[in-house]
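Visitor: Have a look at this prediction, sequence included:
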Amino acid sequence: MRDVIIIGAGGGGPVVAKELAAKGLDVLLLEAGPRHADPREQWTSFENDANNPLSGYFRLGPEDRSRPAWFREWSQNSFVWQLSGVGGTTQHFYGNYPRAYPGVFNDYDKPDRAEYDVNHRFPFSYGEMVPYFEWVEATAPVMTAAMGAKEQTFFRGCETLGLPVQTTKTTLGPSYRPQENAVLQPGGNAGRTTDRNLLTYPQATGCTHCGYCFQGCMRPIGAPRNQFAKRSTDNSYVPMALTADAWASGGRPVELIADAYVTRIHAESRGGALTATGVTWRENESGAEHREQAKVVVMAGGCTENPRLWFNSGLPNPNDWVGRGYTDHFFDWVVGSMDDYTGNPKGVGSAARLDFPPYGGLENVGLPPALNAFATTLSDSGIRGQYTNGRGATGPWDGPAGRVIGPEFKELISGGLDRLLSVLVITDDDVEPDNRVTLSALPADENGPIPKVTFRQRNRTARTNRNREFMARKAAELLRGAGAKKVYRIDWAPLILHVQSSMRMGESERNSVLDTNAEARAVKRLFIADNSALANALGGPNPTLTTQALATRTAEKIFQRYFGGDPWVREESPVVSTDSRISTRLGELGL
Ligand SMILES: Cc1cc2nc3c(=O)[nH]c(=O)nc-3n(C[C@H](O)[C@H](O)[C@H](O)COP(=O)(O)OP(=O)(O)OC[C@H]3O[C@@H](n4cnc5c(N)ncnc54)[C@H](O)[C@@H]3O)c2cc1C
Ligand code: SF4
């Protein structure tokens, strides 16, 4: 019998694993996808190798690349961007770690209070969350992002908007700032030379400014895994979980099994309450099934797979909220072409942001060439200027919104990617019960019936639509202020990658799956610790910091409630994930 079984090693699961391993519990971490244990052999910097959603090494599928990716049904025009593997979707992420806006917590009482999604607030206060934010920020570690020419250009535009610079980690109002980011700062030769021979650890540390953040980053050359520039959880929390005995007094390393798909959560009635007792999981390679018992089970399979596993396990759904409230940030993409050099694809992908509570935010995003072309042609309005059916909204951008293709695209990129500045619009979305995950009627795969994602792209609430329009206009103004000759609004089709809240915690048992401790209301000893536990869309900030802070709090709740322990976040100091004790033990273990 294990103390705790955690399902999923993405953004949230490894946080609970690391925290409870440090307290000496016997933790099993099961991950459906592969573990890239030797990224220098397994990763390349070629865009297609990494990003191809069917055959790339970052995809949602089993380790064996000759097998197909796992299928999901989405009946509308959209793409759900989640990955499997140790690190989960953070294998693709930019490492941006902004805090949720205070307005999404239940104690917020400022005059703009009613402008937030007041029906779906966090069931506790912002003040209660702050120590958990601080704990994760110290662990990752989160720092002011290393910036370059594209951020300088972004800030030039921000200065024309009449907003102040933000100087606190808590967002107090509309403002702009460098990103709070976990990608390690360049040190030594990094950022000063492109000579590979000089970019070797420890002569170079942190980000070497190679410019391909979107893919795997195992730089600097020769760095131990926990000193890799990029802070996806396979480089931060997972190494800590695997070496807990080396850096925590009384710590016990977790057992991690990858390529292992959990197909069922078991529960039985105990003292009149349905109680989780363990899981069944399958080896993807051989199909062999294993059953494991545990005192506590933690779901961290992500927003799409958690509801699927819940339904496939036959667990109860008394208020019909399992899988509902599948919420994203209504993204858009606004691009400016400049006379001046911006260095758009160089360095850390996204190092500057503008926050505009309660509407959402903007961040600069530099993409490598193929993804840049993809982003500029992924539109819900069709081809710019080719239709007169009411799509392709006009505004402070040039011409109607839509795909930029053909001669116009050639013109746009004629100065090279280094003459562009791309702005990602991130909108606060209301939690909507009709956006949801159910089981598909299409054929099941080897792990059971597959998930179906229903998402109403255009029919979002008036507030969500207002937020997106407002922020897209701000993006166009920012680009003009930065000196753009031409500004294009793409009107992105739904690219669901900041997905959250499908198993949400909430104030009311009428519209939430989890109570205020992140324990399932309907099944005792079953907790959820990933984006799906989030109460709402956070006001717009990227979700991972809030997920990891909440997962840290959840680990404490588990330890207190079921293992008789005391909470530690307010009493102890966190260990940073780059600590040399972790590097040394990883070396000893050949990890
Ligand atoms: C291109 C891109 C850029 C991003 N940039 C940022 C950023 O800068 N900042 C930020 O905050 N966020 C960013 N995000 C979002 C971030 O990646 C997610 O918020 C985060 O990864 C979510 O964590 P999660 O644990 O909910 O899910 P995931 O990370 O998707 O992890 C779930 C894991 O569970 C596994 N799993 C699922 N079902 C099972 C099962 N039944 N059995 C075993 N394992 C299972 C999956 O294989 C997966 O590995 C970005 C995302 C993308 C795609
Ligand atoms: S630019 Fe990105 S991929 Fe390159 S070293 Fe820095 S973090 Fe890694």
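Guide: Received it, and whenever you're ready, just let me know what you need. Ligands and ions are numbered 1, 2, ... in the order given.

Visitor: starting at the chain centroid, how far to stretch 287-301?
Guide: Centre-to-centre, stretch 287-301 and its host chain are 24 Å apart (Cα atoms, centre = their mean, to the nearest Å).

Visitor: Check which residues of it are buried.
Guide: Using 16 or more other Cβ atoms under 10 Å as the test for burial, stretch 287-301 gives Glu292, Ala294, Lys295, Val296, Val297, Val298, Met299, Ala300, Gly301. Where C-beta positions appear, they are placed from N, C-alpha and C, glycine not excepted.

Visitor: And stretch 572-589, by the same measure?
Guide: Those would be Pro574, Val575, Val576, Ser577, Thr578, Asp579, Ile582, Ser583, Arg585, Leu586, for stretch 572-589 by 16+ other Cβ under 10 Å.

Visitor: what does that stretch rub up against?
Guide: Residues outside stretch 572-589 that contact it (Cβ atoms under 8 Å, 6 or more residues apart in numbering): 135, 138-141, 184, 224-227, 231, 235-237, 239-240, 242-243, 245-248.

Visitor: average pLDDT for the helix or strand hosting Val279?
Guide: Secondary structure assignment for Val279, by DSSP states H and E: strand 273-283. Taken as a whole, strand 273-283 has a mean pLDDT of 98.

Visitor: Same check on stretch 547-564?
Guide: 98.

Visitor: what packs against the strand holding Val279?
Guide: strand 2-7, strand 260-270, strand 289-299 (3 or more Cβ pairs under 8 Å, 6 or more residues apart in numbering; DSSP states H and E).

Visitor: Return the set of buried residues in it.
Guide: Leu274, Thr275, Ala276, Thr277, Gly278, Val279, Trp281, Arg282.

Visitor: returning to what we had before: so which of the buried residues of stretch 287-301 also contact ligand 1?
Guide: Counting by Cβ under 6 Å from any ligand atom, Ala300, Gly301 from these sit close to ligand 1.

Visitor: Would you reformat the buried residues of stretch 287-301 as CSV and include pLDDT?
Guide: Conversion of these to CSV gives the following (pLDDT from 0 to 100):
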residue, pLDDT
Glu292, 97
Ala294, 98
Lys295, 98
Val296, 98
Val297, 99
Val298, 99
Met299, 99
Ala300, 98
Gly301, 98
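
Visitor: Which single one of the buried residues of stretch 287-301 is nearest to ligand 1?
Guide: Nearest to ligand 1 among the buried residues of stretch 287-301 is Gly301, at 2.9 Å by Cβ to the nearest ligand atom.

Visitor: Skip the chain neighbours and tell me the closest residue to the closest one.
Guide: For Gly301, ignoring the flanking residues on the chain, the nearest one in space by Cβ to Cβ, 6 or more residues apart in numbering is Gly8 at 4.0 Å.

Visitor: Please tell me how far that neighbour sits from Trp81.
Guide: Noted for Gly8: a distance of 16 Å to Trp81, by Cβ to Cβ, to the nearest Å.

Visitor: now Ala370
Guide: Relative to Trp81, and taking Cβ to Cβ, Ala370 is found at 15 Å.

Visitor: Pick out whichever of the two has more residues nearby.
Guide: Set Ala370 next to Trp81 and count neighbours by other Cβ atoms under 10 Å: Trp81 wins out with 16 against 13.

Visitor: Hmm, that one is touching His92, no?
Guide: Yes: if you go by Cβ atoms under 8 Å, Trp81 and His92 touch, sitting 7.5 Å apart.

Visitor: near ligand 1, which residues of the stretch 251-400 of the chain?
Guide: Counting by Cβ under 6 Å from any ligand atom, the stretch 251-400 of the chain sits next to ligand 1 at Tyr261, Val262, Ala300, Gly301, Gly302, Glu305, Leu309.

Visitor: Need the max-distance pair from these.
Guide: Tyr261 and Ala300 (13.8 Å; Cβ to Cβ).

Visitor: The protein against ligand 1: which residues are in contact?
Guide: Counting by Cβ under 6 Å from any ligand atom, the residues of the chain near ligand 1 are 7-13, 30-33, 81-82, 84-85, 88-90, 92-96, 261-262, 300-302, 305, 309, 497-498, 530-531, 542-544, 547.

Visitor: Those residues in helices, which ones?
Guide: Gly13, Gly302, Glu305, Leu309, Thr544, Thr547 (DSSP state H).

Visitor: Going along the chain, name the helices of the stretch 101-250 of the chain.
Guide: 126-139, 149-159, 237-242, 244-247 (DSSP state H, counting those that start in this stretch).

Visitor: What residues sit buried inside the longest one?
Guide: Using 16+ other Cβ under 10 Å as the test for burial, helix 126-139 gives Tyr126, Met129, Tyr132, Phe133, Glu134, Trp135, Val136, Glu137, Thr139.

Visitor: Which elements pack onto it?
Guide: Helices and strands touching helix 126-139, by 3+ Cβ pairs under 8 Å, 6+ apart, are helix 544-563.

Visitor: What number of residues are in the vicinity of whichever residue of the stretch 401-550 of the chain sits closest to ligand 2?
Guide: Closest contact between the stretch 401-550 of the chain and ligand 2, by Cβ to the nearest ligand atom, is at Leu417 (14.5 Å). By other Cβ under 10 Å, the residues close to Leu417 number 19.

Visitor: Touching, it and Ala373? I think so.
Guide: No: in this structure Leu417 lies outside contact range of Ala373 using Cβ under 8 Å: 9.7 Å.

Visitor: nearest spatial neighbour of Val136, skipping sequence neighbours?
Guide: Gln548 (4.6 Å).

Visitor: so what's that neighbour up against?
Guide: Gly11, Gly12, Val15, Val136, Ala140, Tyr237.

Visitor: One more: Leu417?
Guide: Asn344, Pro345, Gly366, Leu367, Pro369, Asn372.
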